[in-house]
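1. How does the following fold in three dimensions:
(2 chains)
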Amino acid sequence: MMIIANSVKIRNFNLSLFIVVLLLFSCKSDNNTIRIKGSDTEVNLVADISESFHTINPKLLVSISGGGSGLGIASLINGTTDIANSSRRINKKEIEIFYNKSIQIDSFIFAQDAIAFVVSENVNINSISTSDLSKILNGTYSTWSQLTRENLPVNIYGRQSNSGTYDFVKNKLGIEFSTHAKQMNGNAQILEAIKADNSGIGYVGAGYLIHGGIQGLKALTIFTDEPTEAVSPLDAKKISIGAYFFQRPLYQYFKVMDYKKVKPFLDFEKSEKGKKIIHSSGYYPVEL
Amino acid sequence: MSIKKRERIDWLFKQIFKTTGFITISLLGGIFFMLLYNTVSFFIEINPIDFFTGSQWNPSSVKSKFSIVPLAISTGLVAFGSMLIAVPLGILTAAYISELAPKKLQNILKPVIEMLAAIPSVAIGFLGIVLLGPALAKLFGIQNGLNALNGSILLALMALPTIITISEDAINAVPHTHREASLALGANKWETLFKVTIPAAMPGLIAAVMLGLGRALGETMTVLMATGNASAIPSGFLDSIRTITATIAIEMGEVPYQTTHYFALFAIAAVLFLITFIINLLGEYFANRLRKFHH
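-> Model prediction:
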């Protein structure tokens, strides 16, 4: 009995070894697949683009996954992706690592994204200054009383720290997030939470508002302390002239030695068709 | 078959079994060594006193803060809460199944409870987001149900099969003569159960609780999804928490290898490993006592 059980185990072991070897071989980067990894903000957009890219270039396969900008760049470092989607600029530490490994990288900005600050429509506020926003997000205001005269607690719904959106908001305002800020798994979860919470505030990519539905929610217009008018994150015209405070370029990083391989895809993103997809997905194409 | 051939086959199998055994041990040793090595690298850069006494975990800020305290409190809180729910429920269910339930019901209950263990943790986490979260928010009049209580309830659900199965074995293992003696002295069914059977099965019950606790401490996906992941030190069950496991899962993707932050994740993993290791050891110890008692 023992021997039978064990010999089965050994056979299974061999089989699994075989599968592992098979996987290892199939993981070796071949030239027909462009692997794209990174920002969760960009993943839907790039997936849309690659779908129509595939109809034009059926020979080239594109595999896309999310996981956050930090993950994308780490994957580029570790050699498990060809393009790293990143909604933030590559940071000093990461540049240093590429430098130490003597890998040359290049970047490509293919679209502009706007971050919307969202509250429930029951919150009595339509626009907010960047300084008030800072005080809310870093925990100085623990209730809404300073802004809306309602004594409700501020609940912050943010992204997890491996998200480029998290870094972007933090750096743009120059704050540290309150430690009471909840870290949600993604844009959709943030929107759902705020729909249910009449005193919550959160930030999501504007693209998610257009697709995820804005019912029951409000996107705050934002103004800076200089006397300018408040700008909505859904205002394409204002964003194309760079007037919205929380707008950012969406980057794609790649190794210079891979340029030939990824060029067809980058070219497609720049084309008229690519721009159209970018716009209809709720992002703003870069004017060339 | 000649004797020589037989001996050769015998020898061959002996070697194969030996290797498989050693592979497991060396894997464990390798993991342990890697944890230890990276943890030491971390403590070369960061003072252990700060690590164990600070109050903030915020590695991505300019002045990186690495303190396990808020994470450890979160993990402790959610695990403790889950045991508060799962222990009485689990032991009473086990007592019911082994002592009171009719045979037919017993045959249904046991497999159904064991099925609970087969639900993937990600599915349970999903329930926590869409079902339990909103329900808790409504029940307690709070804005959002992603908090320690949510995590505790879900973890209790996940620890229940372990606790019930082992408790049931423990209660079954109490010799019949104990019960008969108690009944003969005039004790009724309840007195026998609470004053004789359960105390006699105590080592086994403790083992069950320890193993269930180990399960709750190490669970990742469910707490990551359902507890809100706010890294402030929680002040109660209705606060969002961020456990050690969730922190590792969230942050490991973003860290460049061989940086302080990377080593920090290994350090908190090592602490978690140590805690679960001790708890499993205790569980095994009590389970062994039960075995001795049984024979």
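
2. So which bits of the stretch 101-250 of chain B are right by chain A?
-> By C-beta under 8 Å from any C-beta of the partner chain, the residues of the stretch 101-250 of chain B that approach chain A are B:129, B:134, B:137, B:143-144, B:146, B:224-225, B:228-233, B:240, B:242, B:250. (Glycine included, C-beta is placed from N, CA and C.)

3. Restricted to helices, list those residues.
-> B:134, B:137, B:224, B:225, B:250 (DSSP state H).

4. wait, which of the residues you listed is closest to chain A?
-> For those, the minimum distance to chain A (C-beta to the nearest C-beta) is 4.8 Å, reached by residue B:250.

5. ok, now which ones touch the closest residue to the closest one other than its chain neighbours?
-> Take residue B:250 and drop its neighbours on the chain: the residue closest to it by C-beta to C-beta, 6 or more residues apart in numbering or on different chains is residue A:160, 4.8 Å away. Contacts for residue A:160 (C-beta atoms under 8 Å, 6 or more residues apart in numbering or on different chains) come out as A:68, A:166, A:183, A:184, A:185, B:229, B:250.

6. cool, residue A:60 as well?
-> So, once contact is read as C-beta under 8 Å, 6+ apart, residue A:60 ends up touching A:32, A:33, A:34, A:53, A:54, A:264, A:265.

7. Okay, strands next: where are they in chain A?
-> A:33-38, A:61-67, A:83-86, A:105-120, A:127-129, A:155-159, A:182-184, A:200-205, A:217-219, A:221-223, A:247-255, A:284-285 (DSSP state E).

8. Nearest to chain A within the stretch 1-150 of chain B, name that residue for me.
-> Taking C-beta to the nearest C-beta, the stretch 1-150 of chain B has residue B:143 as its residue nearest chain A, at 4.0 Å.

9. That residue reaches residue A:198, doesn't it?
-> Yes: checked against C-beta atoms under 8 Å, the pair residue B:143 and residue A:198 is within contact range at 7.1 Å.

10. which of the two has more neighbours?
-> Between residue B:143 and residue A:198, residue B:143 has the larger neighbour count (other C-beta atoms under 10 Å in any protein chain shown), namely 19 against 16.

11. How about the more buried one, nearest residue that isn't a chain neighbour?
-> Closest to residue B:143 by C-beta to C-beta, 6+ apart is residue A:197, at 4.0 Å.

12. wait, the one you found sits on residue B:138?
-> No: applying C-beta under 8 Å, one finds residue A:197 not in contact with residue B:138, separated by 11.9 Å.

13. will you turn the contacts of residue A:160 into a markdown table that also has neighbour count?
-> Below are the contacts of residue A:160 laid out as a markdown table (neighbours: other C-beta atoms under 10 Å in any protein chain shown):
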| residue | neighbour count |
| --- | --- |
| A:68 | 31 |
| A:166 | 24 |
| A:183 | 27 |
| A:184 | 26 |
| A:185 | 17 |
| B:229 | 26 |
| B:250 | 21 |
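
14. Distance check, the residue positioned nearest the centre of chain A against chain B.
-> Geometric centre of chain A, nearest residue: residue A:41, 2.7 Å, by C-alpha atoms, centre = their mean. In this view, residue A:41 and chain B are 15 Å apart by C-beta to the nearest C-beta, to the nearest Å.

15. who touches that residue in this structure?
-> A:87, A:113, A:163, A:164, A:165, A:187, A:205, A:207, A:250.

16. For residue A:210, give its distance to chain B.
-> Taken as C-beta to the nearest C-beta, the span from residue A:210 to chain B is 23 Å.

17. Hmm, that residue is touching residue A:234, no?
-> Yes: under the criterion of C-beta under 8 Å, residue A:210 makes contact with residue A:234 at 7.3 Å.

18. related to what we said a few turns ago, neighbour count winner among residue A:197 and residue B:138?
-> residue A:197 (23 against 11).

19. still on that earlier bit, return a ChimeraX selection command for the buried portion of the residues of the stretch 101-250 of chain B next to chain A.
-> Typed into ChimeraX, the line below selects the buried ones among those, using 16 or more other C-beta atoms under 10 Å in any protein chain shown:
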select /B:129,134,137,143,144,146,224,225,228,229,230,231,232,233,240,242,250
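
20. So which of the residues of the stretch 101-250 of chain B next to chain A are in strands?
-> Going by DSSP E, the strands hold none of those.

21. What about the residue nearest to residue B:143? Give its phi and psi, please.
-> As for residue A:197, its main-chain torsions (degrees, to the nearest 10) stand at phi -120, psi 110.

22. what's it in contact with, if anything?
-> A:120, A:155, A:157, B:137, B:143, B:144.

23. Show me where the chain has its helices.
-> Since no chain was named, I'll use chain A. Under DSSP H, chain A gives helices at A:2-27, A:40-56, A:69-78, A:92-100, A:130-137, A:145-148, A:164-173, A:187-196, A:206-212, A:236-240, A:259-270, A:272-280.

24. wait, I meant chain B there
-> B:3-45, B:48-53, B:69-95, B:103-116, B:121-127, B:133-140, B:148-173, B:176-184, B:189-191, B:198-200, B:202-218, B:221-226, B:244-251, B:260-294.

25. number of nearby residues for whichever residue of chain A sits closest to chain B?
-> Closest residue of chain A to chain B, C-beta to the nearest C-beta: residue A:70 (3.1 Å). By other C-beta under 10 Å, 28 other residues sit near residue A:70.

26. My read is that it contacts residue B:250, right?
-> No: with contacts defined as C-beta under 8 Å, residue A:70 does not count as touching residue B:250, sitting 10.4 Å away.

27. tell me, what's touching those two both at once?
-> Common neighbours of residue A:70 and residue B:250 (C-beta under 8 Å, 6+ apart) are residue A:162.

28. Outline the domain layout of chain B.
-> Taking automatic domain parsing as the criterion, chain B consists of the domains B:3-45, B:52-294.

29. Out of those domains, which is the most enclosed?
-> domain B:52-294 (a mean of 19; mean count of other C-beta atoms under 10 Å in any protein chain shown).

30. ok, so of the contacts of residue A:197, who is nearest residue A:105?
-> The shortest approach to residue A:105 among these belongs to residue A:157, at 33.3 Å (C-beta to C-beta).

31. and the gap between the closest one and residue B:153?
-> To residue B:153, residue A:157 is 21 Å away according to C-beta to C-beta, to the nearest Å.

32. how about residue 138, what does it touch?
-> Using chain A here. Residue A:138 neighbours (C-beta under 8 Å, 6+ apart): A:175, A:176, A:177, A:178.

33. What about chain B: which of these touch it?
-> Counting by C-beta under 8 Å from any C-beta, the members of these near chain B are A:176, A:178.

34. Which positions in chain A make contact with chain B?
-> So far as C-beta under 8 Å from any C-beta goes, chain A lies against chain B at A:3, A:6, A:9-10, A:13, A:67-68, A:70-71, A:74, A:77-78, A:93-94, A:97, A:153, A:155, A:157, A:160-162, A:167, A:176, A:178-185, A:189, A:193, A:196-200.

35. Quick check on those: which are buried?
-> A:67-68, A:70-71, A:74, A:77, A:94, A:97, A:155, A:157, A:160-162, A:167, A:176, A:178-185, A:189, A:193, A:196-200.

36. Which pLDDT value goes with residue 184?
-> Since no chain was named, I'll use chain A. On pLDDT, residue A:184 comes in at 88.

37. That was the other one, I meant chain B.
-> With respect to pLDDT, residue B:184 has a value of 94.

38. still on that earlier bit, now, among the contacts of residue A:138, which is nearest to residue B:51?
-> Using C-beta to C-beta, those come closest to residue B:51 at residue A:176, 19.7 Å.

39. so residue A:254 touches residue A:105, yeah?
-> Yes: contact criterion C-beta under 8 Å: residue A:254 and residue A:105 qualify, at 6.6 Å.
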